[in-house]
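Chemist: Need a 3D model of the sequence below.
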Amino acid sequence: MDDIANVRKRPGMYAGSIPDGTALHNLVLGTVTFAMARTRSHPSFDTKVVLHNDSSVTVCFAGPEEWDEANLAALSDARRRAATSIADGIRHEPDAVDVEGGIWCDLCVVNALSDWMCDQVWSGELVQTQMFRDGAFEATIRTPLFPEVIFEGHSGLSTTFLPSDKIFPSITFDAGRLRASLSNICAQNVGARVGLVDGR
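Modeler: Model (predicted):
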């Protein structure tokens, strides 16, 4: 059984309680944790969370550095593997375990528990977009960035996903609950910056 199937078989073990909404919100908090782990090597980068009207959510990590095409391709390839393998996620972002108060809910778990996931890596006009549907990798394509993820940054990563309503009894995020959790994580990690935008 592959990692996607394992997560779907026991989602609570990987993401937290399903009935009380913990697992749903941990999809966002876990993605933020992995983004924050990268700020150790990119301290000028910020993280932003955007809640959309269709119940999807974007977590974006962006900053002023320029990345070349080779780096973008390598990063995109690593994230594609991490989206379907927990072991690859650990290798790709080992520092995530050191984020104080962070949630270990990696890209593979987010992908497994979502109807679809769009992962983007960009620098300037260069954008690598990878689509996943029903847990499976679909394609690497060139598309424009989601407009919400462009904020004072020349390069970055963004993950947009729609949680599965077949797994979660509700896929409506509680902005207050997320804001409190994000504030708590930021308070425990000096210099961490996470913005929350409720676009609903």
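Chemist: For the residue positioned nearest the centre of the chain, which residues are in contact?
Modeler: The residue lying closest to the centre of the chain (Cα atoms, centre = their mean) is Thr31, at 3.4 Å. By Cβ atoms under 8 Å, 6 or more residues apart in numbering, the residues touching Thr31 are 59, 105, 107, 110, 159. (C-beta placed from N, C-alpha, C; glycine too.)
Chemist: Try it again at 10 Å.
Modeler: 47, 49, 57-61, 103, 105-107, 109-110, 117, 157-161 (Cβ atoms under 10 Å, 6 or more residues apart in numbering).
Chemist: Give the rounded mean pLDDT of stretch 127-141.
Modeler: For stretch 127-141, mean pLDDT rounds to 88.
Chemist: tell me how far the ends of that stretch are from each other?
Modeler: 9 Å (Cα to Cα, to the nearest Å).
Chemist: in this protein, which spans are strands?
Modeler: 46-51, 57-63, 114-123, 126-133, 136-141, 155-163, 194-198 (DSSP state E).
Chemist: May I have the second one as PDB, with CA atoms only?
Modeler: When you say that, I think you mean strand 57-63. Extracted in PDB, the C-alpha atoms of strand 57-63 (Å, rounded to 0.1, in the frame of the first residue of the first chain):
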ATOM      1  CA  VAL A  57      -6.800  27.500   0.700                       C
ATOM      2  CA  THR A  58      -3.400  28.800  -0.400                       C
ATOM      3  CA  VAL A  59      -0.300  28.800   1.700                       C
ATOM      4  CA  CYS A  60       2.500  30.900   0.100                       C
ATOM      5  CA  PHE A  61       6.100  31.400   1.000                       C
ATOM      6  CA  ALA A  62       7.700  34.400  -0.900                       C
ATOM      7  CA  GLY A  63      10.600  36.800  -0.700                       C
END
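Chemist: Who's the closest spatial neighbour of Val197, skipping the chain neighbours?
Modeler: Spatially, and ignoring its direct neighbours in sequence, Val197 is nearest to Val50 (4.7 Å; Cβ to Cβ, 6 or more residues apart in numbering).
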